[in-house]
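Q: sequence plus predicted model, see below.
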Amino acid sequence: MRIGITSTVLALALLQGGCAFEPVQPWEKDLLAKRAMQLDGYPIDQYLDDHIYYSKEGSSGGQAVGGGGCGCN
Amino acid sequence: MTEASSLTRNKDHWLGRFQAMASPCEILMEVDDRRLARRLLAIAHAEASRIEHKFSRYRKDSAVQRINHSDGQPLVVDEETAALLDYANQCYELSEGLFDITSGVLRRVWRFDGSDRIPATNEVANILPLIGWHKIIWRRPKITVPSGMEIDLGGIGKEYAVDRTARLIAEQSDASILVNYGGDLYVNTPRRNGCGWFVGVENPASSLPLAEGSESIHRFELRHGGLATSGDSRRYLLANGIRYGHILNPATGWPIEDAPRSVTAAAATCTEAGLLATFAMLRGAKAEFFLRTEGVQYWSAR
Amino acid sequence: MQLKKESKSVRGALALATCSLLTGTSQGVNAASEEEWEVDSAVLFYSEGSDRVSVVEPVVGLRKALGDDEYVGVRLVVDTLTGSSPNGAIPTDEVQTFTTPSGNSTYTAEPGETPLDPTFRDTRIALSGEWEKPLSERLKGIFSANFSTEHDYQSAGISATLARDFNNRNTTLSAGASFSQDSIEPEGGAPVGLTPMPEFPDVKETQSASEDKTVSELLLGVTQVVNRRTLMQFNYTYGIDDGYLSDPYKLLSVTDDTGNVTGYLYENRPDERSRQTIFWRTLHHLSEDVADVSYRYYWDDWDISSHTLDLRYRHELGGGHYLQPHVRWYKQNAAEFYHFKLDEGAVPTYASADYRLGNMTTNTLGLKYGFASSEKQEYSVRLEYMTQSDDDGQFEDVDAVILQANYSFLF
């Protein structure tokens, strides 16, 4: 098999308006791998926020299960 | 020495072309400046030619030929050759000995020209003693190749050239660029519109170039990463109703049984894609199973 | 050659080898964090002003890779709370006198001042452990246990979450469950709900010396890599609290026809609560900066419902320095049994004047400054200002300042 790029690529570039939805490949996850892009990149901030709002508001939870109770509410 | 290259402007990119490593080579560059395009093309052309000359089996002055003519004497190799030999060694281990850069000597008896001339069993058997990476003493930076044995970096060279070129170009420009050396590709970054480059893969069953829009072209988008193909539908032998593909098993000297006609794989780099495709081919009937298990995006043709 | 982490996969080993070939770097660059502990530490100061609650809370978390995506972690938290907390009674024109929960003494509230219970001080120690383990190629389990103790409160809980990757690891489905068993030994015993606060030296009518409750939660979640720069999460949670859910120290003022306070009752909440949330979060990487947006809708069978919107924008200043403004908006509808005060002769089955169950809005504004001096070492400090106000204009605003310093490193 040969990849017929010479004419094909150009013709397709004209034909195809938008791009297809392609799954993100493993090697494209450099940005997602950063600490700032992790859902639990800052677990202590998360823990302390949850703790504060749990003790000051009538609602709690949503992000994860567990975490521990306290007598503050 | 270096053949001419051409540069043409297409709708929103420059297309540079030249011939190297016995293949048509192309660079698609999403840049506006003609001078920049020309400079990038020159870099690509020089790098492809450099690698071709350095690792060619056919040039007397190439690093590979010096190794192959070392007559069993230890030879000190340069850093780049050493890195490739290290890599070949790792590939040998990862493929459990199936990927072997010493198996090129089988070319003496196997000529995949579409005919029915398969070699005699003893012809193949006579070559086998000259095959086996483990028989080569590789102690960086010294290599000792027993007399009569040869190494061939052809299974890595073109893909390596694609990645090397892409790296050199990236030092000059962060534009989206597609490097295509004879069907082995790499795209550094998505295009300005966020899309990739659209690439068509021909159906190997057809030996004629296909028209755009043909059902036989699988088209897809290459946004970022490498793409390489192992296998060639035009290189085979047909004897007694059996099709002999050109991927040879270094342990037996005979073609790998039940291998796909070709495998195209996608990976982070072109080199990695090329090796994944080759490893798959070397697994014969289990090629697709291997690729699926490893989670590789691929297209195979049987 | 160090291929330990990727050794199971030919592709992983090949990727490392290829990277080494093309970049000229030596093998084993990824070996780092295997032998080291990741330490994440912080200290939080929380203050609602001079005579109100203030908290000092140091936290330290340790995490270690055991290889092959397996991790263990522990976290220790100590929080020390001092100051006074609203007891639930309303301010009046006169000096009000209250009996302390222990029944040993009294405290007063000046005219026009929100009555605050000054006996409120406590130290809480919480310890938790977590174990994250790959169960198969695409399945991961996260197991945790936690334990905390205060002078009048104990909690012990466990949780398990399973996460399965699909679609080239771009989609993750999670299912989790947690259970905790808490017990409370209120100062002076647990009062019988809606009985009057006694006048010192009388003692309150108690139902027991200790009470307990269980908290069970289920979670179903989807995490989706939308593209190279965007990650999205959807969760649904369902929880049931069962047992003693009242606050044994909270009172309600009872007033007569003319509005004069005639007494105080201990609050009484239902002994079961089922609650649900839907949660959506998106992280988006711009060219350098990261936007983090989340929304939660919460509702329960006490008739509390709430909206929470949280926005964080991490702005990279270069060289590892960043600034992250934070805005949080929370709006809550009151529990059906929430009463700012009760009218004499109209005492319902359940009642609480705890402002945290009322109609209210919380606004938080914050700014975090961080400096990541390397991939694995980061300092940060954040300052937040939180204000809680009554949507019915009844209870006094609660304003709090939060100051937190973090330091994380490899050990």
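A: Looks like it came in fine. Residues are numbered from 1 along each chain as shown, chains lettered A, B, ... in the order given.
Q: domain ranges for chain B?
A: Structural domains annotated on chain B: B:1-55+B:162-222, B:64-152+B:224-302, as defined by automatic domain parsing.
Q: which one, of those domains, ends up nearest to C:F98?
A: Distance to C:F98, taken as C-beta to C-beta, is lowest for domain B:1-55+B:162-222 among the domains of chain B, at 64.6 Å. Just so you know, the C-beta spots here come from the backbone N, C-alpha and C atoms, and that holds for glycine as well.
Q: do stretch B:150-170 and chain A meet?
A: No. Using C-beta under 8 Å from any C-beta of the partner chain, stretch B:150-170 stays clear of chain A, with a minimum separation of 11.8 Å.
Q: per-residue confidence averaged over that stretch?
A: For stretch B:150-170, mean pLDDT is 94.
Q: list the contacts of C:T106.
A: Contacts for C:T106 (C-beta atoms under 8 Å, 6 or more residues apart in numbering or on different chains) come out as C:97-100, C:200.
Q: what bits of chain A have low per-residue confidence?
A: The model of chain A has pLDDT under 70 over residues A:1-21, A:73.
Q: switch the contacts of C:T106 over to TSV; also include distance to chain B.
A: Listed next are the contacts of C:T106 as TSV, based on distance: C-beta to the nearest C-beta, whole Å:
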residue	distance to chain B
C:T97	69
C:F98	65
C:T99	68
C:T100	64
C:F200	72
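Q: okay, buried residues for stretch C:118-138 please.
A: C:119-120, C:122, C:124, C:126, C:128, C:130, C:132 (16 or more other C-beta atoms under 10 Å in any protein chain shown).
Q: tabulate the CA atom coordinates of that stretch in CSV.
A: Only the C-alpha atoms of stretch C:118-138 are listed here, as CSV (Å, rounded to 0.1, in the frame of the first residue of the first chain):
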residue,chain,number,x,y,z
PRO,C,118,-19.1,31.2,73.0
THR,C,119,-18.5,27.6,74.3
PHE,C,120,-17.8,26.6,70.8
ARG,C,121,-14.3,25.3,70.6
ASP,C,122,-13.0,22.1,69.3
THR,C,123,-10.1,20.3,67.8
ARG,C,124,-10.7,17.8,65.1
ILE,C,125,-8.2,15.3,63.8
ALA,C,126,-9.0,13.5,60.6
LEU,C,127,-7.0,10.7,59.0
SER,C,128,-7.7,9.1,55.7
GLY,C,129,-6.0,6.6,53.5
GLU,C,130,-6.5,5.9,49.8
TRP,C,131,-5.4,3.1,47.5
GLU,C,132,-5.6,3.4,43.8
LYS,C,133,-5.1,0.2,41.9
PRO,C,134,-5.5,-0.9,38.3
LEU,C,135,-7.7,-3.9,38.2
SER,C,136,-7.3,-4.6,34.5
GLU,C,137,-6.0,-2.9,31.4
ARG,C,138,-8.9,-0.4,31.4
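Q: and chain B, is that stretch touching that?
A: No. Figure legend: stretch C:118-138 not in contact with chain B (C-beta under 8 Å from any C-beta); closest approach 8.6 Å.
Q: returning to that earlier point: lowest-confidence stretch among the domains of chain B?
A: In terms of average pLDDT, domain B:1-55+B:162-222 trails the rest of these, at a mean of 84.
Q: if we can go back for a sec, just the buried ones from the contacts of C:T106, in ChimeraX syntax?
A: The following ChimeraX line selects those of the contacts of C:T106 that are buried, judged by 16+ other C-beta under 10 Å:
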select /C:98,99,100
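Q: which stretches in the chain count as helices?
A: By default, I'm working from chain A. For chain A, the helices defined by DSSP state H occupy A:8-15, A:43-56.
Q: let me rephrase: I mean chain C.
A: So, for chain C - with DSSP H - the helices run C:10-23.
Q: bridged to C:G221, which residues?
A: With DSSP bridges applied, C:G221 shows beta-bridge pairing to C:S174, C:N235.
Q: contact residues of chain B facing chain C?
A: Residues of chain B lying close to chain C by C-beta under 8 Å from any C-beta are B:79, B:83-84, B:86-87, B:90-91, B:94, B:160, B:163-164, B:167, B:224, B:267-269, B:271-272, B:275-276, B:279, B:290, B:294-297.
Q: what sits against residue 41?
A: Looking at chain A here, since you left the chain open. Counting by C-beta under 8 Å, 6+ apart, A:G41 has contacts A:34-35.
Q: wait, I meant chain C there
A: Contacts of C:S41 (C-beta under 8 Å, 6+ apart): A:44, C:58-61, C:406-408.
Q: with adjacent residues omitted, what lies nearest to C:E378?
A: C:A372 (4.3 Å; C-beta to C-beta, 6 or more residues apart in numbering or on different chains).
Q: just checking, the one you found touches C:G320?
A: Yes. Between C:A372 and C:G320 there is a contact under C-beta atoms under 8 Å: 4.3 Å.
Q: pick out whichever of the two has more residues nearby.
A: Comparing C:A372 with C:G320 by other C-beta atoms under 10 Å in any protein chain shown, the one with more neighbours is C:A372, at 19 against 15.
Q: how about the strands in the stretch 101-250 of chain B?
A: Using DSSP state E, counting those that start in this stretch, the strands of the stretch 101-250 of chain B run over B:137-139, B:142-144, B:177-181, B:184-187, B:197-202, B:217-222, B:225-230, B:236-239, B:242-245.
Q: against which helices or strands is the second one packed?
A: Looking back up the chat, that one is strand B:142-144. Under the contact criterion of 3 or more C-beta pairs under 8 Å, 6 or more residues apart in numbering or on different chains; DSSP states H and E, strand B:142-144 touches strand B:74-76, strand B:137-139.
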